[in-house]
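Peer 1: Here you go, sequence then predicted model.
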Amino acid sequence: MAENSLTLRPYAGPADAPPLADLWLDASLRAHPFLGAERLTAQRQEIAETYLPQADTWVACEGPRPLGFISLLEDFVAALFVAPGAQGRGIGSRLLERAAEDRGALSLEVYARNTPALAFYRARGFCEVARRPQDDLGLPFELVRLHRP
């Protein structure tokens, strides 16, 4: 992917929801296999109908095709997902920098078992500030809270 072929644009509303929810599911199945495909598949509709519309979301595209997105709630990164076939090309970094331009300091949570994501965020200046033993659904999957000033 050429650097200049990637564009970042704001979330376009209902038309963006299905492809971004599909991208979320594909990336989540790869990053969070411990959550189980059935649980993740069941969450896809909630991502499309509830989470994406509530957040300030930016979409990374190559032409018309979305390759990743970042969703923010204030200065909290609620989601950062890149299509599995597009990972490692700098898309996640570009989305994070776009968020930092708008918000400055950023915070987020990531599953402790998602070691590639932890390494990605640490390499971009995020530091661990807390841990909690359960996720938002009360499941026993440890979450790591990270912050970048």
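Peer 2: That came through, no problem. Keep in mind it's a predicted model, so treat the numbers as computed, not measured.

Peer 1: remind me, longest strand of this structure?
Peer 2: strand 65-73 (DSSP state E).

Peer 1: Counting neighbours, what do you get for Phe81?
Peer 2: 25 (other C-beta atoms under 10 Å). Heads up, the C-betas are built off the backbone N, CA and C, glycines and all.

Peer 1: Next: Gln45.
Peer 2: 12.

Peer 1: element containing the nearest residue to it once chain neighbours are set aside?
Peer 2: Nearest non-adjacent residue to Gln45, counting by C-beta to C-beta, 6 or more residues apart in numbering: Ala21, 7.3 Å away. Here Ala21, judged by DSSP states H and E, is contained in helix 17-31.

Peer 1: where does this structure dip in pLDDT?
Peer 2: 1-4 (pLDDT under 70).

Peer 1: What segments of it are helices?
Peer 2: 17-31, 37-46, 52-54, 91-103, 115-123 (DSSP state H).

Peer 1: got TSV for the ones you listed, with distance to Gly85 too?
Peer 2: Shown next, in TSV, are those (distance: least, C-beta to C-beta, whole Å):
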stretch	distance to Gly85
helix 17-31	9
helix 37-46	18
helix 52-54	21
helix 91-103	11
helix 115-123	15
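
Peer 1: Which one of the ones you listed lies nearest to Leu8?
Peer 2: Of all the helices of the chain, helix 91-103 sits nearest to Leu8, with 5.4 Å by C-beta to C-beta.

Peer 1: Just the angle for the closest one relative to helix 115-123, thanks.
Peer 2: For helix 91-103 against helix 115-123, the angle by axes from the mean of the first three to the mean of the last three C-alpha atoms, to 10 degrees is 50 degrees.

Peer 1: got the buried residues for helix 91-103?
Peer 2: Ile91, Gly92, Arg94, Leu95, Leu96, Ala99, Ala100 (16 or more other C-beta atoms under 10 Å).

Peer 1: and if you look at stretch 128-143?
Peer 2: Neighbour-count burial for stretch 128-143 [16+ other C-beta under 10 Å]: Phe141, Leu143.

Peer 1: Which residues are in contact with the closest residue to Arg132 other than its chain neighbours?
Peer 2: Using C-beta to C-beta, 6+ apart and skipping the chain neighbours, the partner closest in space to Arg132 is Leu143 (5.2 Å). When contacts are counted by C-beta atoms under 8 Å, 6 or more residues apart in numbering, Leu143 touches Glu109, Val110, Tyr111, Ala112, Arg131, Arg132, Gln134, Asp135.
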